[in-house]
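**Q** Please find the sequence and the predicted model below.
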Amino acid sequence: MALNYIWIGFFLISFLFGILSLLMGDTAIFQKMVDSTFESSKTAFETSLGLTGVLALWLGIMKIGEKAGIVNVLARLLSPFFTKLFPDIPKNHPVMGSIFMNIASNMLGLDNAATPTGLKAMAQMQELNTKKDTATNPMIMFLVLNTSGLTIIPTSILAFRSSYGAVQPTDVFIPILLATTIATLAGIILTAGWQRINIFQPTLLAGLVGLMAFVGLVIWGFGQMDKETMGTVTSIASNLILMTIIVLFIGAGLFRKVNVYDAFIEGAKEGFQTAVRIIPYLVAILVAVGVFRASGAMDLLIQGVKWLVEQCGLNSDFVGALPTAFMKPLSGSGARGLMLEAMKTYGADSFVGRLSCVFQGSTDTTFYVLAVYFGSVSVRYTRHALTCGLLADLAGVIAAIAICYIFF
């Protein structure tokens with residue numbers, strides 16, 4: 001229901017801004033807005049089309065893993081922690097394995113594997129859902145984990161910084177890791193509070209402390225490397241992990257005498273059907289975001305924040321990077337473009353350039369994730385998913401600003 005009102009709000013606000021711009025002499029404003037609707041709908045279809053092959057591949061591999069029993073093994077191993085975080089999911093249910101695969105893929109920056117495994121997890125949770133059009137508590141917790149965007153290796157951001165001439169492209173690595181960890185922990189705590197989950201249960205608390213310890217270890221490890229070594233390690237690790245998963249699943253299928261080819265085809269068909277099913281949801285959200293941006297509402301919002309900060313007597317250096325922060329929950333590609341624009345305008349090693357990169361890496365595209373994941377299982381009523389996701393985003397943004405003032 002929240003998405004419904006926000007979607008309507010995007011169009012109404014955009015239309016009002018269009019009228020104001022027209023009255024102020026911008027006769028081309030509505031042409032820009034209409035062009036944006038066509039461009040955004042085209043982008044939505046191309047995005048879905050681009051996902052088709054990836055979904056077919058990874059859902060095919062996941063199907064092999066299911067039939068070979070690997071997913072069930074993962075589910076049993078993770079059951080003590082995940083049954084506390086997702087209490088409504090039966091113990092040792094296969095969805096636990098899919099959730100782990102998704103979270104691990106996100107942490108390692110393996111986007112090609114994260115989305116298919118996430119959609120698989122949503123489909124498995126939908127099987128347990130007694131009200132098919134309404135999001136369940138486990139679905140919401142899972143999506144907040146995705147929207148908070150915990151990523152250990154922000155490979156693409158480091159590559160962009162290098163291409164834009166940053167003296168030390170990896171200097172944002174630790175700030176990104178700290179900000180995204182805070183966003184994830186905030187998302188878990190907020191959602192757990194909403195769902196009345198006690199995070200002080202020994203198993204759950206130990207898991208969260210373990211996560212923070214792991215992130216700390218990664219920060220320490222990468223802190224010992226120079227930029228060339230870090231780039232080499234992240235590239236090799238990402239590709240090696242992907243290929244290991246594929247070979248491991250196929251090998252396990254052969255060992256368990258599974259017809260791996262037929263299993264792959266069965267899963268790949270599910271991937272194609274999922275890609276087609278999410279097209280309307282992507283069109284809806286991307287067109288709304290595109291019109292909102294084309295109307296000039298985003299620019300006015302930034303100027304309003306700058307004025308408010310200055311009136312409070314605070315340092316407004318961070319405001320130049322806010323377009324990336326505001327765009328990130330709406331559009332990943334839009335936020336990426338604004339991050340690159342900030343580095344081009346202010347410089348890759350400027351405060352604004354670095355902060356834009358930290359914003360880009362600290363959270364994920366909340367509206368996109370909700371549209372794709374809920375759309376894939378035809379859930380219409382998202383309950384508190386959007387609220388918790390946006391609050392986690394806000395925590396990530398505030399953390400990013402504070403951390404960048406400390407580091408830079």
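**A** Looks like it came in fine. Residues are numbered from 1 along each chain as shown.
**Q** Show me where the stretch 301-408 of the chain has its helices.
**A** 322-327, 332-346, 351-362, 366-376, 385-407 (DSSP state H, counting those that start in this stretch).
**Q** Can I get the ones you listed in CSV including distance to Thr170?
**A** C-betas here are computed from N, CA, C, even on glycine. Below are the helices of the stretch 301-408 of the chain laid out as CSV (distance: least, Cβ to Cβ, whole Å):
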stretch, distance to Thr170
helix 322-327, 19
helix 332-346, 15
helix 351-362, 11
helix 366-376, 27
helix 385-407, 12
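**Q** Which of those helices sits closest to Arg277?
**A** With Cβ to Cβ, the closest approach to Arg277 among these belongs to helix 366-376: 5.8 Å.
**Q** Which strands or helices does that closest one pack on?
**A** helix 2-23, helix 111-128, helix 137-147, helix 260-277, helix 279-294, helix 385-407 (3 or more Cβ pairs under 8 Å, 6 or more residues apart in numbering; DSSP states H and E).
**Q** Could you figure out how far the third one is turned away from helix 111-128?
**A** Per axes from the mean of the first three to the mean of the last three Cα atoms, to 10 degrees, the angle that helix 137-147 makes with helix 111-128 is 170 degrees.
**Q** ditto for the longest one
**A** Note on geometry: by the same axes, to 10 degrees, helix 385-407 and helix 111-128 are set 150 degrees apart in direction.
**Q** helices or strands next to helix 385-407 in the packing?
**A** helix 2-23, helix 137-147, helix 173-194, helix 351-362, helix 366-376.
**Q** How far off centre is the fourth one?
**A** This points to helix 351-362. Helix 351-362 has its C-alpha centroid displaced from the chain centroid by 16 Å (Cα atoms, centre = their mean, to the nearest Å).
**Q** what residues does that helix touch?
**A** 149, 151, 154, 157, 160-161, 164, 166, 171-172, 175-176, 179-180, 183, 317-318, 320-321, 324-325, 328, 335-336, 338-339, 342-343, 345-348, 396-397, 399-401, 403-404, 408 (Cβ atoms under 8 Å, 6 or more residues apart in numbering).
**Q** if we go to 6 Å?
**A** 154, 157, 172, 175-176, 179-180, 183, 317-318, 320-321, 324-325, 335, 339, 342-343, 346-347, 396, 400, 404, 408 (Cβ atoms under 6 Å, 6 or more residues apart in numbering).
**Q** Among those residues, name the buried ones.
**A** Neighbour counting with 16 or more other Cβ atoms under 10 Å marks 154, 157, 172, 175-176, 179-180, 183, 317-318, 320-321, 324-325, 335, 339, 342-343, 346, 396, 400, 404, 408 as buried within the contacts of helix 351-362.
**Q** need the helix or strand of this structure with the lowest average pLDDT.
**A** Lowest by mean pLDDT, DSSP states H and E among the helices and strands of the chain is helix 155-163, with a mean of 72.
**Q** Looking at the helices of the stretch 301-408 of the chain, which is nearest to Phe86?
**A** The nearest among these, by Cβ to Cβ, is helix 385-407 at 14.2 Å.
**Q** Quick check: the gap between Gln124 and Val247.
**A** Applying Cβ to Cβ, to the nearest Å, the value for Gln124 to Val247 is 24 Å.
**Q** scratch that, Ala399
**A** 38 Å.
**Q** the more surrounded of those two?
**A** Remark: of Ala399 and Val247, Ala399 carries more neighbours, 22 against 10, as counted by other Cβ atoms under 10 Å.
**Q** Show me which residues of stretch 21-39 are buried.
**A** Buried-residue list, stretch 21-39, by 16+ other Cβ under 10 Å: Ser21, Ile29, Phe30, Lys32, Met33, Ser36, Thr37.
**Q** Of the residues you listed, which belong to helices?
**A** Ser21, Ile29, Phe30, Lys32, Met33, Ser36, Thr37 (DSSP state H).
**Q** How about the contacts made by the residue lying closest to the fourth one once chain neighbours are set aside?
**A** On the basis of Cβ to Cβ, 6 or more residues apart in numbering, the spatially nearest residue to Lys32 that is not a chain neighbour turns out to be Ala294, at 4.7 Å. When contacts are counted by Cβ under 6 Å, 6+ apart, Ala294 is found next to Lys32, Met33, Ser36.
**Q** Apply 8 Å and report the result again.
**A** Ser14, Lys32, Met33, Asp35, Ser36.
**Q** Repeat that for Thr83.
**A** Thr83 touches Ile89, Lys91, counting by Cβ under 8 Å, 6+ apart.
**Q** make it 7 Å
**A** Going by Cβ atoms under 7 Å, 6 or more residues apart in numbering, Thr83 touches Lys91.
**Q** Can you tell me which of the helices and strands packed on helix 366-376 is packed in deepest?
**A** Of the helices and strands packed on helix 366-376, the one with the most neighbours on average (mean count of other Cβ atoms under 10 Å) is helix 137-147, at a mean of 26.
**Q** Now do that one against helix 173-194: the angle between them, please.
**A** With the same axes, to 10 degrees applied, the angle from helix 137-147 to helix 173-194 works out at 160 degrees.
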